[in-house]
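1. from the sequence below, what's the structure:
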Amino acid sequence: MIGLNNLKPAKGSKHRKKIVGRGLGSGHGRTATRGSKGQKSRSGDGTKKTGFEGGQMPILRRIPKRGFNNQFRKEYSIVNIESLNKFDSGIEVTPEKLKEAGLVSQTKLVKILGVGDLKKSLTVKAAAFSKSAADKIKSAGGKAEIVK
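-> Numbers count the residues shown, from 1 in each chain. Okay, the predicted model is just below:
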């Protein structure tokens, strides 16, 4: 009968840890199961750099490169001013509300551009505004506030 006092793991499921480099009598001595020669037999040589292709020119060096990629660039989510007519007049439009309305996918950096016309008075908060967008918001009786 099986009880907590006589439980055992299934036969063959538990293995002894392989102990290497402890003399010839152990069966894993001398080369310590690494084979005799080559890159992986030597200490510290078993790893290769990311993208290493066995001496072939790596793909990152084969493909043509042009220009300059600025790693510190700011990528804005862009909203045209005409799409702000979706909101009720007098409301404060924040990046969170723009996301709820489905106008942007991320709320981190939102820039409002001046494409179209604004027919409602809104307080718009965003990371950046184009000059024409800020002018159109003010002329409609609203406010353009820059938020970090």
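
2. ok, the residue nearest the centre of the chain - contacts?
-> With distances taken as CA atoms, centre = their mean, residue 106 lies nearest the centre of the chain, 13.2 Å away. Contacts for residue 106 (CB atoms under 8 Å, 6 or more residues apart in numbering) come out as 77, 99. To be clear about C-beta, it is placed using only N, CA and C from the backbone, and glycine gets the same treatment.

3. list the buried residues of the longest helix anywhere in the chain.
-> With residue count as the measure and DSSP state H as the assignment, the chain has helix 131-139 as its longest helix. Judged by neighbour count (16 or more other CB atoms under 10 Å), helix 131-139 contains these buried residues: 133-134, 136-137.

4. turn those residues into TSV, including pLDDT.
-> Putting the buried residues of helix 131-139 into TSV (pLDDT from 0 to 100) gives the following:
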residue	pLDDT
133	94
134	94
136	93
137	93
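
5. per-residue confidence at the residue nearest to the centre of the chain?
-> Predicted confidence (pLDDT) for residue 106: 88.

6. name the element it belongs to?
-> Using DSSP states H and E, residue 106 falls within no helix or strand.

7. pLDDT averaged over stretch 71-91 - what is it?
-> Taken as a whole, stretch 71-91 has an average pLDDT of 92.

8. distance between the ends of that stretch?
-> Terminal residues of stretch 71-91 are spaced 36 Å apart (CA to CA, to the nearest Å).

9. list the contacts of that stretch.
-> 93, 97-98, 101, 103-124, 126-128, 133, 136-137.

10. which of those residues count as buried?
-> The neighbour-count test (16+ other CB under 10 Å) applied to the contacts of stretch 71-91 identifies 93, 97-98, 103-104, 107, 109-114, 118, 120, 122, 124, 126-128, 133, 136-137 as buried.

11. C-terminal to the longest helix of the chain, what's the next element?
-> Toward the C-terminal end, the helix or strand that comes next after helix 131-139 (DSSP H and E) is strand 143-146.

12. pull out the buried positions in that next one.
-> Applying a neighbour-count criterion of 16+ other CB under 10 Å, the buried positions in strand 143-146 are residue 144.

13. list the pairing partners of that strand within its sheet, with orientation.
-> Strands flanking strand 143-146 in the sheet, each with its direction: strand 123-126 (parallel) (DSSP bridges).
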